[in-house]
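*Asks:* sequence and predicted model, in that order:
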Amino acid sequence: MLLLPRLQPLLPRLCSLLPSLAMSTTGTFTLHQPLNYRAGARVQPVDGGQSEEVYEPATGRVISKLLCSGEKEVDLAVQSAKAAFKVWSQLSGMERSRVLLEAARIIREQREEIATLETINNGKSIFEARVDIDISWQSLEYYAGLAGSLAGEHIQLPGGSFGYTRREPLGVCVGIGAWNYPFQIACWKSAPALACGNAMVFKPSPFTPISVVRLAEIFTEAGAPKGLFNVVQGGVATGQFLCQHPDVAKISFTGSVPTGVKIMEMAAKGIKPVTLELGGKSPLIIFSDSVLENAVNGALMANFLTQGEVCCNGTRVFVQREILDAFTKEVVKHTQKIKVGDPLLEDTRMGALINRPHLDRVQGFIKQAKEQGAKVLCGGDLYVPDDPKLKNGYYMQPCVLGNCTDDMTCVKEEIFGPVMSILPFDTEEEVVERANNTKFGLAGGVFTRDIQKAHRVVAALKAGMCFINNYNISPVELPFGGYKASGFGRENGRAAIEYYSQLKTVCVEMGDVESVF
Ligand SMILES: NC(=O)c1ccc[n+]([C@@H]2O[C@H](COP(=O)([O-])OP(=O)(O)OC[C@H]3O[C@@H](n4cnc5c(N)ncnc54)[C@H](O)[C@@H]3O)[C@@H](O)[C@H]2O)c1
Ligand SMILES: C[N+](C)(C)CCCC=O
């Protein structure tokens, strides 16, 4: 019941939007409304085939069912986006900006409701879900700010002739999302796409289909043309229909490396540009001259947000040998204090993992780590909360592994769970070489008081998103994306504009035509 007083002022609105949310504590929410959104309304897919159960990770309950969209429904969504694109792309940047600002305002106003939905469907703590929703509306505000200033160049040519460039939208963009940050991923994709004048069809992960439909409703409420942002639900087949659709101009994908490869293959066939935000196994390097408390807090931030299900997590924690014991002792002490349990309770800091198969997979990594010689310094076991309604939830104790070496599976593969591996090192040269010895290149972090060393080391890291003396903060002004197998293209920051627009060059002759013939 802890959230109810906080939700009280919103109750009339919540009751009208999602009747069961107003009554929700963990274990009470159900949703029977359609989960597709097309042409400004929730709809059932015209050719909905397979039905998928949607779970509440905190309890293991089925809370909704989605119908996977087939080829016809995908086509209707794309046609709806195409129609909206005709109108939206003709607006000025300032006009588009106003709609995005209004959407950001509505998200702020409904922060608690959306964060609650996210927590119920994803399993992350309400504390974190609120931060995700804040980052989401900030993304809309940021691109609303840029929309009015998107412009080309004027270039003088001989004899008074000149050229100019126009920054134009691409058309209908497809967004495909992962389940760890459902609402935030949709905002990171839709905000720059819409600011540039595109329309979007978004497919969330079938594990977390719920909150993105709220985003679609909010865009409509904010004054976007009907069809500007559509949602189709489904898994592999629905994603493939989207990627292969001839009227889709661009695909922005967040997910695993193997799926990223398939997306790129499909995009290649249609010569469509792609943005790939893929997985990682990022290094966090802690030098002996770090402020120990900051380094420990940084390592916790780098490993345990969203139950460790974070693409850019710094899961290979390299610690300089002089402080290995002191760092390990502190990090274990703090990890043991992380409150695991009901994600809707205010003091919970780690909720439930996304589903049973994923929890089993993470447990498998820990078992294998032990077999390969790693030592469990804390956590790693399944956690069964006392509250009977949480008995079938997907909980585990956050885990710190010591005695790790670079060749262990837990150090090489993305676990996507709350498992930190500690690796000792001696010299700067050695640690840079080991940190880069991975197929991934999403992120990296350095803790040191030596400013020259900090910049030298991040310059040497082969990773797209580097942190000095912090980790996993996400200002929307900063570009985010990977090197190597972690993908390419950028979300956030001005850089994302490049990936949602194209440049037209216009050459203007002011004199007569001098033919060479
Ligand atoms: N770099 C980032 O920004 C970022 C952010 C979040 C998650 N991730 C990565 O995502 C992975 C976890 O997410 P996941 O399990 O949802 O990934 P996933 O690759 O299994 O699925 C991602 C999305 O792709 C869809 N999909 C699956 N196969 C498809 C196909 N053949 N064609 C079209 N669409 C298809 C899924 O339905 C889902 O919506 C991790 O590897 C994580 O690192 C990366
Ligand atoms: C908001 N974070 C923590 C930087 C995560 C970004 C998305 C990666 O999964």
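*Replies:* Yes, it's here. Quick caveat: nothing in here was measured; it's all calculated off a predicted structure. Ligands and ions are numbered 1, 2, ... in the order given.
*Asks:* rest of the way, CA atoms for contacts and neighbours
*Replies:* OK.
*Asks:* got the contact list for the residue most central in space within the chain?
*Replies:* Ranked by distance to the mean C-alpha position of the chain (C-alpha atoms, centre = their mean), the top residue is Ile185 at 3.9 Å. If you count contacts by C-alpha atoms under 8 Å, 6 or more residues apart in numbering, Ile185 has them with 177-178, 254.
*Asks:* select from those residues every entry located in strands.
*Replies:* With DSSP state E as the criterion, strands contain Thr254 from among those.
*Asks:* now the contacts of Ile185 in JSON lines, with distance to ligand 2?
*Replies:* Rendered in JSON lines, the data for those read as follows (distance: C-alpha to the nearest ligand atom, whole Å):
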{"residue": "Gly177", "distance to ligand 2": "10"}
{"residue": "Ala178", "distance to ligand 2": "8"}
{"residue": "Thr254", "distance to ligand 2": "8"}
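*Asks:* would you mind giving the contacts of Ile185 as TSV with neighbour count added?
*Replies:* Below are the contacts of Ile185 laid out as TSV (neighbours: other C-alpha atoms under 10 Å):
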residue	neighbour count
Gly177	26
Ala178	21
Thr254	26
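*Asks:* dump the contacts of Ile185 to TSV, plus pLDDT.
*Replies:* Below are these laid out as TSV (pLDDT from 0 to 100):
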residue	pLDDT
Gly177	98
Ala178	98
Thr254	98
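*Asks:* close to ligand 2: what parts of this protein are there?
*Replies:* The chain comes close to ligand 2 at residues 310-312, 472-474, as judged by C-alpha under 6 Å from any ligand atom.
*Asks:* just name the closest of the residues you listed to Leu423, please.
*Replies:* Distances from Leu423 to the residues of the chain next to ligand 2, taken as C-alpha to C-alpha, are shortest for Cys312 (18.1 Å).
*Asks:* that closest one contacts Gly279, correct?
*Replies:* Yes - if you go by C-alpha atoms under 8 Å, Cys312 and Gly279 touch, sitting 7.3 Å apart.
*Asks:* overlap of the contact sets of those two?
*Replies:* With C-alpha under 8 Å, 6+ apart applied, the overlap between the contact sets of Cys312 and Gly279 consists of Leu442.
*Asks:* show the pLDDT at the nearest residue to Val384 once chain neighbours are set aside.
*Replies:* Of all residues not flanking Val384 in the chain, Lys391 sits nearest, at 5.9 Å (C-alpha to C-alpha, 6 or more residues apart in numbering). At Lys391, the predicted lDDT confidence score is 98.
*Asks:* what sits against Lys391?
*Replies:* Contact criterion C-alpha under 8 Å, 6+ apart gives 59, 384-385 as the residues in contact with Lys391.
*Asks:* and the pLDDT for Gly49?
*Replies:* 82.
*Asks:* need the strands for the stretch 301-450 of the chain, in chain order.
*Replies:* 316-320, 375-378, 399-402, 419-425, 443-447 (DSSP state E, counting those that start in this stretch).
*Asks:* where does this protein have low pLDDT?
*Replies:* Along the chain, the model assigns pLDDT under 70 to residues 1-24.
*Asks:* scan it for its longest helix.
*Replies:* Secondary structure of the chain per DSSP state H: the longest helix is helix 126-147.
*Asks:* what packs against the next helix-or-strand element following that one?
*Replies:* Beyond helix 126-147 on the C-terminal side, the first helix or strand identified by DSSP states H and E is strand 154-156. Strand 154-156 is packed against strand 162-169, with contacts defined by 3 or more C-alpha pairs under 8 Å, 6 or more residues apart in numbering; DSSP states H and E.
*Asks:* what number of residues lie near Glu346?
*Replies:* The burial metric for Glu346, expressed as a neighbour count using other C-alpha atoms under 10 Å, is 12.
*Asks:* for ligand 1, see how far away it is.
*Replies:* Remark: distance between Glu346 and ligand 1 (C-alpha to the nearest ligand atom, to the nearest Å) = 25 Å.
*Asks:* and that residue, how far is that from Ile126?
*Replies:* Between Glu346 and Ile126 the distance is 7 Å, computed by C-alpha to C-alpha, to the nearest Å.
*Asks:* cool, Arg105 as well?
*Replies:* Noted for Arg105: a distance of 20 Å to Ile126, by C-alpha to C-alpha.
*Asks:* out of these two, which sits in the more crowded spot?
*Replies:* Neighbour count, other C-alpha under 10 Å: between Arg105 and Ile126, Ile126 has more, with 27 against 18.
*Asks:* residues touching the more buried one, list them.
*Replies:* For Ile126, the contacting residues are 115-116, 119, 343-346, 348, by C-alpha under 8 Å, 6+ apart.
*Asks:* what's the closest of those to ligand 1?
*Replies:* Out of those, the one with the shortest distance to ligand 1 is Thr119. That distance is 16.2 Å, counting by C-alpha to the nearest ligand atom.
*Asks:* helices and strands around the helix or strand containing the closest one, which ones?
*Replies:* Element membership of Thr119 [criterion: DSSP H and E] is helix 111-122. Using 3+ C-alpha pairs under 8 Å, 6+ apart as the contact criterion, the elements in contact with helix 111-122 are strand 51-56, helix 126-147, helix 211-221.
*Asks:* mind listing what's buried in whichever helix or strand comes after the last one?
*Replies:* Past helix 211-221, further along toward the C-terminus, the next helix or strand under DSSP H and E is strand 229-231. When neighbours are counted by 16 or more other C-alpha atoms under 10 Å, the buried residues of strand 229-231 are found to be 229-231.
*Asks:* ok, now stretch 506-517?
*Replies:* Within stretch 506-517, no residue is scored as buried using 16+ other C-alpha under 10 Å.
*Asks:* gap between Glu113 and Asn198?
*Replies:* Looking at Glu113 against Asn198, where the rule is C-alpha to C-alpha, the gap reads 28 Å.
*Asks:* all helices for the stretch 301-450 of the chain, in order.
*Replies:* For the stretch 301-450 of the chain, the helices identified by DSSP state H, counting those that start in this stretch occupy 324-336, 356-371, 409-412, 428-435, in order along the chain.
*Asks:* so which of these is nearest Leu194?
*Replies:* Counting by C-alpha to C-alpha, Leu194 lies closest to helix 356-371 out of these; the figure is 33.6 Å.
*Asks:* and the angle from that closest one to strand 419-425?
*Replies:* With axes from the mean of the first three to the mean of the last three C-alpha atoms, to 10 degrees applied, the angle from helix 356-371 to strand 419-425 works out at 30 degrees.
*Asks:* for the stretch 1-150 of the chain, which residue gets nearest to ligand 1?
*Replies:* When you check the stretch 1-150 of the chain against ligand 1 by C-alpha to the nearest ligand atom, the closest residue turns out to be Cys68, at 10.2 Å.
*Asks:* just to revisit the earlier point, and of the buried residues of strand 229-231, the nearest to Gly48?
*Replies:* Taking C-alpha to C-alpha as the measure, Gly48 sits nearest to Val231 out of those, at 13.5 Å.
*Asks:* so in terms of bridging, what pairs with the closest one?
*Replies:* Partner residues in beta bridges with Val231: Tyr37, Phe202, with DSSP bridges as the criterion.
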